[in-house]
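[1] What shape does this take:
(chains A and B)
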There are 2 protein chains.
Amino acid sequence: MAHFPDTPGFTGVLRPLRIECDIHDLEVEGEVPAELDGTFHRVHPDAQFPPKFENDQFFNGDGMISLFHFRKGKVDFRQRYAQTDKWKIEREAGESLFGAYRNPLTDDPRVEGMIRGTANTNVMVHGGKLYATKEDSPPLLMDPLTLETFGYTDFNGKMKSQTFGAHHKIDPKSGNLCNISYASTGLLTRDCTYLEVNPQGELVLETFFEVPYYAMLHDFGLTEDYVVVHVVPIVSSWDRLRAGLPHFGFDTKLPVWLGVMPRRGEGRDMRWFKAPKTVFASHVMNAFNDGSKVYFDIPQAEGNSFPFFPDVDGKPFDPIASRPYLHRWCVDMNSKKDEFESVEQLSPMIDEFPRIDERYVSQPYRHGWMLVMDPDMPMETAGSRASGFRMNKLGHIDHATGEQKSWWAGPSSMIQEPCFVPRSATSPEGDGYLIALVDDLNTNYSDLVILEALRIEEGPIARLKLPFRMRSGLHGNWADRSKLRG
Amino acid sequence: MAHFPDTPGFTGVLRPLRIECDIHDLEVEGEVPAELDGTFHRVHPDAQFPPKFENDQFFNGDGMISLFHFRKGKVDFRQRYAQTDKWKIEREAGESLFGAYRNPLTDDPRVEGMIRGTANTNVMVHGGKLYATKEDSPPLLMDPLTLETFGYTDFNGKMKSQTFGAHHKIDPKSGNLCNISYASTGLLTRDCTYLEVNPQGELVLETFFEVPYYAMLHDFGLTEDYVVVHVVPIVSSWDRLRAGLPHFGFDTKLPVWLGVMPRRGEGRDMRWFKAPKTVFASHVMNAFNDGSKVYFDIPQAEGNSFPFFPDVDGKPFDPIASRPYLHRWCVDMNSKKDEFESVEQLSPMIDEFPRIDERYVSQPYRHGWMLVMDPDMPMETAGSRASGFRMNKLGHIDHATGEQKSWWAGPSSMIQEPCFVPRSATSPEGDGYLIALVDDLNTNYSDLVILEALRIEEGPIARLKLPFRMRSGLHGNWADRSKLRG
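    Below you'll find the model as predicted:
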């Protein structure tokens, strides 16, 4: 019987959703632009069965994948679980068998040696397949429209890494999906890989590198000439796992490193630059290089942003220090010193979940969007339980003019990661729409809002109305109809 | 594009739901009794596409069927549209083609002559099939577990009536499904039928009778020896349809009739008794006879209870007079006069949606349950838009002792029609559970609550939690596992 814990991780804003559904032709307020022709996929963790431990981590839930399918101004909605190996054996058993987040020591013996992935972190269409990913496991392939699960792939045995990252960049020139993995030779190892998968779905590049210490490598940067990897001390060890501590903890004693590897090089060519101080940073807005100078744009906080991955030395969580602000890091591959050239704050907005016009991945770019925290909302409410933040604004930054704008979704709202959709394949950078789920914590309904991306301050031009509140999610991506074919 | 009207019929409490879904192993508070082994089906109207007219009737929506499947203390949830002929051709067209409620004059020419049914009124398992019914059309057969639609049936050409009622009684002796239809030879006709379908799904009895005037014959009574039909002046005419008025109106100038026909007789044996005054009455709790005396228990209101079917002479809707109270009507087949013997009020509770232990259909019985209106809740809120009432209590009446009990679901709640489930096939009358959907209009979540049927005042022993608020519905029924087989 499905008795979920009466804990903040499974009640209130994080109440389980667990619904697999279809809604034909979603109810809409306003007009959906007819040029929106394709799919928006996003994912959230949503435990299929009550967890083995009542303090279960939000990130430990099974991946529940949502699809908004846009066609001729109409939008169909579908939601399905990613049927991972874990999901299947637990469905068969009728209960949870896998234990704590990234801690196989807590698993039921029946699942020993199985892939622990939940496919709950990101979803992206590539080569006609939906890649549902979590960074501790290989990619799970699904049908982008039916959401049928095909299963994990190792690219016909070609991929040597045991894992595949959750944040991909599509190289605008080759069309390759670029990815970094970590813990590639086993849990807690320092081995990582850089991988590229071509539009036909073939693994065409995999090269190993080693990080200075094991850490959560959640995202990375790609430039025209370089792969850029930030190592931030969200760390772990077998000691932590044996002690039953949360997998990750934050270690302010360790430095932050930025690794830069030539695109056509190998892992051993990775050069490491040491940051001027230890900060917290996770998602990358974009990166680009101007000759030897490498620019890396990322929300950066003075202290740990993840209260659920506490300080390893017991320092209390500092909500003010946890606030991230968009920064630009710069290193120079011609420099003799292994130090940063500069760190510059780009925005006064408390921001995370940065997005861009993805056609400009790896390139100099002008426009960025992000979720913005309203500092007047108490940290202890709502989404803060999951993310440390209560994001209820969308922000836009114009790097060319410095102009910054935002749209506030209202006091009872929480916004999920936005996604940019170009008006057409040939429209200029930033000309298009920003879409995002807005969850109302009072009414418990969610809308997918559509805004003019360069005029977000005017608010939504359309709201696609869901008849329930979507659970807080992680990442998602748009795919143009042309991408849905294999 | 699905732009629903910004009217009370499609906003607030009546916001469209339109979700087809599966939830495996519903989250539960409390413990689901393991002896609950079977299915609870219920239905609500939920327009697939925005209606052709913005003042569209609640009862005009497409049937959306919910299934709670109980097994070993776990409950799976499924919800699907009844795929009526109307639903299919509209899905194909991508828009509404049928017009106003029971007014074919407002239809798109493309659907002329098609069955207009929506299967939105009642769902009951019989002979291993789910009968999804609306009283203006034949029964739609579906699979009780997959909710796949098989289509309309006329019982291999045997059924001569064009319609089939929405309220069935399973005769506890024969196991036959007993039913009355009206408008049996065409819209607005006074021709009706009494029908019986055996447990093998064969039509074994159909006999025609005529009512004194065309009226909404929504329910009826069955006793050991008689079929009992109440005719209440919820009337219509081609003039109304041509004028674009709501199909039905309430005509206080017409008398209320109670028709009584011997079970083994024919329609022409129907004898009509005239009620002492014109009242409003709709759903029947139960009926039984003691020799020639026929007892008929029904909530009765002094005035019209359906604000959406207004008085034909323009009399304003009277919310106080609209309140129904359980009454017992009695007629004597040995009487020389065509008048009632007595009308007795049985409860001070404002009640509707009466239910019983269905093993006692047609028999003298002791226990009844119903939805009860909290008179302190303003009429103008919530459910009143659909039903004229805001039902937020469950009531129990013990006819043997006169004792009456109730459970209040709380100020922001609305309750949907309850259903009694016996503890076992052999347990005494009333020994079992009462199940009902409780919708919270503040949080917009619904729970299926389970109460001890003879101790409802103690409140739920379990709550099955849905991650959305169910749309207001009509009727539903329990089927023991043994009934699910054909």
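[2] Give me the distance between the residue nearest to the spatial centre of chain A and chain B.
    Residue closest to the average C-alpha location in chain A (CA atoms, centre = their mean): A:His475, at 4.4 Å. The gap separating A:His475 from chain B is 22 Å, by CB to the nearest CB, to the nearest Å. For the C-beta atoms, the positions are set from N, CA and C on the backbone; glycine is no exception.
[3] ok, now how distant is that residue from A:Met349?
    20 Å (CB to CB, to the nearest Å).
[4] Can you tell me the SS state at the residue of the stretch 1-150 of chain A found nearest chain B?
    Closest contact between the stretch 1-150 of chain A and chain B, by CB to the nearest CB, is at A:Cys21 (3.5 Å). Following DSSP: H, G, I helix; E, B strand; the rest coil, A:Cys21 is assigned to strand.
[5] How much space separates the spatially closest residue to it that is not a sequence neighbour from B:Arg78?
    The shortest distance from A:Cys21 to any non-neighbouring residue, by CB to CB, 6 or more residues apart in numbering or on different chains, is to B:Cys21 (3.5 Å). Note on B:Cys21: its distance to B:Arg78, by CB to CB, is 7 Å.
[6] In contact with A:Thr193, which residues are there?
    Going by CB atoms under 8 Å, 6 or more residues apart in numbering or on different chains, A:Thr193 touches A:Lys160, A:Ser161, A:Ile180, A:Ser181, A:Ser184, A:Glu206, A:Thr207, A:Phe208, A:Phe209, A:Gly267.
[7] between those residues, which has the most around it?
    Tallying neighbours with other CB atoms under 10 Å in any protein chain shown puts A:Ile180 at the head of the contacts of A:Thr193, with 31 neighbours.
[8] Contacts made by the strand or helix carrying it with the rest, please.
    Using DSSP states H and E, A:Ile180 maps to strand A:177-182. Here strand A:177-182 makes contact (CB under 8 Å, 6+ apart) with A:124, A:126-127, A:131, A:135, A:161-165, A:167-171, A:191-198, A:211, A:214-217, A:220, A:222, A:227, A:229.
[9] before we move on, back to that, wait, doesn't the residue nearest to the centre of chain A sit right on A:Val123?
    Yes - A:His475 is within contact range of A:Val123, at 7.2 Å (criterion: CB atoms under 8 Å).
[10] So for the two, which residues contact both of them?
    Joint contacts of A:His475 and A:Val123 (CB under 8 Å, 6+ apart) are A:Arg42, A:Val43.
[11] Residue numbers of the stretch 251-400 of chain A in contact with chain B?
    Contacts of the stretch 251-400 of chain A with chain B, taken as CB under 8 Å from any CB of the partner chain, are absent.
[12] Under the pLDDT cut-off, which ranges of the stretch 251-400 of chain A? List them.
    A:376-389 (pLDDT under 70).
[13] Now do the helices in it.
    A:384-387 (DSSP state H, counting those that start in this stretch).
[14] can you pull out the strands in it?
    Along the stretch 251-400 of chain A, counting by DSSP state E, counting those that start in this stretch, strands occupy A:257-262, A:271-274, A:280-281, A:286-290, A:293-301, A:325-332, A:342-356, A:367-373, A:391-398.
[15] The third one pairs with which strands?
    The sheet places strand A:280-281 alongside strand A:293-301 (antiparallel), with pairing taken from DSSP bridges.
[16] re the thing from before, buried subset of the contacts of strand A:177-182?
    Neighbour counting by 16 or more other CB atoms under 10 Å in any protein chain shown classes A:124, A:126-127, A:131, A:135, A:161-165, A:167-171, A:191-198, A:211, A:214-217, A:220, A:222, A:227, A:229 among the contacts of strand A:177-182 as buried.
[17] can you pull the contacts of A:Ala321?
    A:Ala301, A:Glu302, A:Gly303, A:Asn304 are the contacts of A:Ala321 under CB under 8 Å, 6+ apart.
[18] Report the separation between it and A:Thr278.
    Distance from A:Ala321 to A:Thr278, counting by CB to CB: 12 Å.
[19] re the thing from before, looking at the strands of the stretch 251-400 of chain A, which one is packed in the most?
    Burial of the strands of the stretch 251-400 of chain A is given as mean neighbour count (mean count of other CB atoms under 10 Å in any protein chain shown); strand A:367-373 ranks first at a mean of 26.
[20] Could you give the bridge partners of the nearest residue to A:Thr163 once chain neighbours are set aside?
    Using CB to CB, 6+ apart and skipping residues adjacent in sequence, the residue nearest A:Thr163 is A:Ser181, 4.3 Å away. A:Ser181 has the following beta-bridge partners by DSSP bridges: A:Thr193.
[21] distance of A:Ser181 from A:Phe220?
    Distance from A:Ser181 to A:Phe220, by CB to CB: 10 Å.
[22] any common contacting residues for these two?
    Common contacts of A:Ser181 and A:Phe220 (CB under 8 Å, 6+ apart): A:Gly165.
[23] remind me, longest helix of chain A?
    In chain A, ranked by residue count with DSSP state H as the criterion, the top helix is helix A:85-93.
[24] Tell me which other helices or strands that one touches.
    Applying 3 or more CB pairs under 8 Å, 6 or more residues apart in numbering or on different chains; DSSP states H and E, we find helix A:85-93 packed against no helix or strand.
[25] now that helix, how far from the chain's geometric center?
    25 Å (CA atoms, centre = their mean, to the nearest Å).
[26] what about the helix or strand just after it, distance to the chain center?
    Proceeding C-terminally, helix A:85-93 gives way to strand A:122-126 as the next helix or strand, assigned by DSSP H and E. With CA atoms, centre = their mean as the basis, strand A:122-126 stands 11 Å off its chain's centre.
[27] Just the closest residue of the stretch 301-450 of chain A to chain B, please.
    A:Asn444 (4.6 Å).
[28] How about that residue: what's its closest non-neighbour residue?
    A:Arg469 (4.1 Å).
[29] Surely that neighbour is in a strand?
    No - applying three-state DSSP, one finds A:Arg469 to be coil, outside a strand.
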